[in-house]
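Enquirer: Have a look; sequence and predicted model below, questions after that.
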Amino acid sequence: MNTPSSSRNSHERRNGETADRNPEPVEDLIIGTGQAGKPLAGALAESGRRVVIVERDRVGGTCVIRGCTPTKTMVASARVAYLARRAEEYGVQTGPVRVDMAAVRTRKREIVDAWSAGSRKGLERHESLELVEGEARFTGRKTVEVSHPDNPPRRFRAERIFINSGARPRHPGFPGLDQIDWLDSTSIMELDELPRHLIVVGGGFIGVEFGQMFCRFGSQVTVLVRGERLAPEEDPDICEVLAKILAEDGIQVRTRAEAFRVEPGPENGVRVHLRAPGDAGSGGDVVEGSHLLLAVGRVPNTDALDLEATGLAPDNRGFVPVNDRLETDVEGIWALGDVAGSPPFTHMAYDDFRIVKENLLGEGGASRSGRIPTYTVFLDPQLGRIGLSETQAREAGHEIQVATLPMSRVARAQEMDETRGLMKAVVDRNSQKILGASILGIEGGEIAAALQFAMMGGLPWTALRDVPIAHPTLAESLNNLFMTLD
């Protein structure tokens, strides 16, 4: 959570001093050790520049500390529980399955600690790079003050500044939250006991990932979706199959269910009051559970930066406006990753680093323009997305063909008894180029990556229909997928 101005002032008063009026000169200053900031700091230091990188939490950023690394570690534990319960389907005899949440948490913490320690060591090996711990805020166009509750504040003047401060879970302000203990995507991973009934507010990818995870651990799970369907950014047919998969897992998904008030429930639980979207009334429908997870999006970490001191102003959602080279309107200041409004995925933040590095240390000319959007949602089965969806392609005016193949027709999926899901690709009818794909199936992210390479190479869909791919692999299903267009 960002430190408000009053807290910063109190930190200074406790320290009994204020920041040095003569700032320390550095060449480059980076705010945040995420997946853009950390490698950029190393690259700049390797080039011989004096670099300071500021981190208010643990080294590694959202991905390592609160995002990809811990969540996918726990997803793996949940999948083991799921397969153990299905063991008899494969002819394997086991006993009752019980999940030890404290052990799951310990495993998650150990992996996070190892990754964070490795990230710190990676920074410390550079002689011209200094890691400064504390909260950063601008005091001028090129000056940054770093405050820490246990140390005197430090002040820096930098030739170039790079903002990589990331984002955090959005906390809705509906009444009653101050009366209960609620969870977000960070705090839920610290539970050491299994929720009896987890209520998830939000039908996006964070909500459904945690919903399926805790269902597999053994919780009863209810997901409340404000709109008409889960994951509204996906095509309706993909959402329909996704909803079916979650229902098969035992998750109750309630659509058109807006949570607008909460209160304490029985047995130290929670009671959530619901109404239809747009209904200004008191609703009347209620769902009760033992735990409440708020998964309603993320907000950029800009409110503690005092951007106005530089002449910058965040946009109406709090992001730092940048051009396709990640440059802000203020010369000598860049923003990268989530805080710059880039797609909120680690690989996109790292690509932001690549762009800035190429423009500063390489031949130049690098830009966000034209990069193919891609991501994987780590449900089980995975949803791998690349390029345009069918809906997006039609809205963009393409004349398209759509190839679909249920995973039940994929030989490797049948052999693994993992036949849930749907493969879908969108192609341009005139150029025969692949515009995008949605792969909801076992290792869907890996299959989508193969399609990404084909798109980068400008291959027509017929090339993937005709190329001999090793049998029996999941990638081989691309032959069958594109055969449906014949």
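Expert: In hand now; what should we look at?

Enquirer: Find the nearest non-adjacent residue to Arg229, please.
Expert: In space, and not counting its chain neighbours, Arg229 is closest to Cys239: 4.6 Å by CB to CB, 6 or more residues apart in numbering. Every C-beta, even on glycine, is put in place using the N, C-alpha and C of the backbone.

Enquirer: surely that neighbour meets Glu233?
Expert: No: contact criterion CB atoms under 8 Å: Cys239 and Glu233 do not qualify, at 9.4 Å.

Enquirer: More neighbours: those two, which one.
Expert: Using other CB atoms under 10 Å as the criterion, Cys239 and Glu233 rank with Cys239 on top: 18 against 12.

Enquirer: how much space between that one and Gly37?
Expert: Distance from Cys239 to Gly37, counting by CB to CB, to the nearest Å: 35 Å.

Enquirer: Equivalent analysis for Asn316, please.
Expert: Taken as CB to CB, the span from Asn316 to Gly37 is 25 Å.

Enquirer: Give me the more crowded residue out of the two.
Expert: Using other CB under 10 Å, the more surrounded residue of Asn316 and Gly37 is Gly37, with 28 against 6.

Enquirer: my guess is that one meets Gly61, correct?
Expert: Yes: between Gly37 and Gly61 there is a contact at 7.0 Å, judged by CB under 8 Å.

Enquirer: Which residues are in contact with each of the two?
Expert: Common contacts of Gly37 and Gly61 (CB atoms under 8 Å, 6 or more residues apart in numbering): 164, 337.

Enquirer: What sits closest to Asp486 if chain neighbours are left out?
Expert: The shortest distance from Asp486 to any non-neighbouring residue, by CB to CB, 6+ apart, is to Arg465 (7.6 Å).

Enquirer: contacting residues around the one you found?
Expert: Counted by CB under 8 Å, 6+ apart, Arg465 has contacts 478-479, 482-483, 485-486.

Enquirer: Mind picking the one among those that's closest to Glu395?
Expert: Using CB to CB, Leu485 comes nearest to Glu395 of these, at 21.3 Å.

Enquirer: What is the burial count for His25?
Expert: Rather than His, residue 25 is Pro. 11.

Enquirer: Name the helix or strand for it, please.
Expert: Using DSSP states H and E, Pro25 sits within strand 24-31.

Enquirer: Distance from the chain centre to that strand, please.
Expert: The chain centre lies 28 Å from the centre of strand 24-31; the measure is CA atoms, centre = their mean, to the nearest Å.

Enquirer: Who wins on neighbours among the contacts of Arg465?
Expert: Most crowded among those, counting by other CB under 10 Å, is Leu478 at 27 neighbours.

Enquirer: Tell me which residues touch that residue, please.
Expert: 447, 450-451, 464-465, 469.

Enquirer: How confident is the prediction for it, by pLDDT?
Expert: For Leu478, the model assigns a pLDDT of 98.

Enquirer: For the stretch 101-250 of the chain, which segments count as helices?
Expert: For the stretch 101-250 of the chain, helices defined by DSSP state H, counting those that start in this stretch occupy the ranges 101-124, 205-217, 236-248.

Enquirer: Please disregard the earlier target; I meant the stretch 251-400 of the chain.
Expert: For the stretch 251-400 of the chain, the helices defined by DSSP H, counting those that start in this stretch occupy 346-361, 390-395.

Enquirer: From Val356, how far off is Met456?
Expert: 21 Å.

Enquirer: Comparing these two, which shows the higher neighbour count?
Expert: Between Met456 and Val356, Val356 has the larger neighbour count (other CB under 10 Å), namely 26 against 10.

Enquirer: any idea how far Val320 is from the residue nearest to the more buried one when sequence neighbours are not counted?
Expert: Excluding its sequence neighbours, the residue lying closest to Val356 (CB to CB, 6+ apart) is Leu326, at 5.4 Å. Relative to Val320, Leu326 is positioned 10 Å away (CB to CB).

Enquirer: Please apply the same query to His171.
Expert: Relative to Val320, and taking CB to CB, His171 is found at 21 Å.

Enquirer: When those two are compared, which one has more neighbours?
Expert: Neighbours were counted for His171 and for Val320 using other CB under 10 Å; Val320 has more, 24 against 14.

Enquirer: what bridges to the closest residue to that one other than its chain neighbours?
Expert: Using CB to CB, 6+ apart and skipping residues adjacent in sequence, the residue nearest Val320 is Ala335, 3.9 Å away. Beta-bridge pairing for Ala335 (DSSP bridges): Ile163.

Enquirer: Could you pull up the residues touching Ala335?
Expert: The contact partners of Ala335, by CB under 8 Å, 6+ apart, come to 162-164, 320, 322, 326, 328.

Enquirer: let's see it at 6 Å
Expert: Shown in contact with Ala335 (CB atoms under 6 Å, 6 or more residues apart in numbering): 163, 320, 322, 328.

Enquirer: So which other helices or strands are in contact with the strand holding Pro25?
Expert: If contacts are counted by 3 or more CB pairs under 6 Å, 6 or more residues apart in numbering; DSSP states H and E, strand 24-31 sits against helix 37-46, strand 51-55, strand 151-163.

Enquirer: so where's the stretch 251-400 of the chain uncertain?
Expert: 282-283 (pLDDT under 70).

Enquirer: So Ala450 is in contact with Ala475, correct?
Expert: Yes: with contacts counted by CB atoms under 6 Å, Ala450 reaches Ala475, the gap being 5.4 Å.

Enquirer: Export the contacts of Ala335 as JSON lines, with columns for distance to Asp100.
Expert: Shown next, in JSON lines, are those (distance: CB to CB, whole Å):
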{"residue": "Ile163", "distance to Asp100": "41"}
{"residue": "Val320", "distance to Asp100": "43"}
{"residue": "Val322", "distance to Asp100": "45"}
{"residue": "Thr328", "distance to Asp100": "48"}
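
Enquirer: Sitting in strands, which of the residues you listed do you find?
Expert: Ile163 (DSSP state E).

Enquirer: neighbour-wise, which of the contacts of Ala335 leads?
Expert: Most neighbours among those, by other CB under 10 Å: Ile163, with 32 neighbours.

Enquirer: Surely that residue touches Ile31?
Expert: Yes: if you go by CB under 6 Å, Ile163 and Ile31 touch, sitting 5.1 Å apart.

Enquirer: List the residues that contact Leu485.
Expert: By CB under 6 Å, 6+ apart, Leu485 lies in contact with 401, 403.

Enquirer: So in terms of bridging, what pairs with Glu327?
Expert: Trp334.

Enquirer: Now do it against Lys121, distance only.
Expert: 31 Å.

Enquirer: Could you check how many residues crowd around Glu263?
Expert: 14.

Enquirer: ugh, typo on my part, it should be Pro277
Expert: 13.

Enquirer: That one and Phe260 touch, don't they?
Expert: No: Pro277 lies out of contact with Phe260 (CB under 6 Å); the separation is 9.9 Å.
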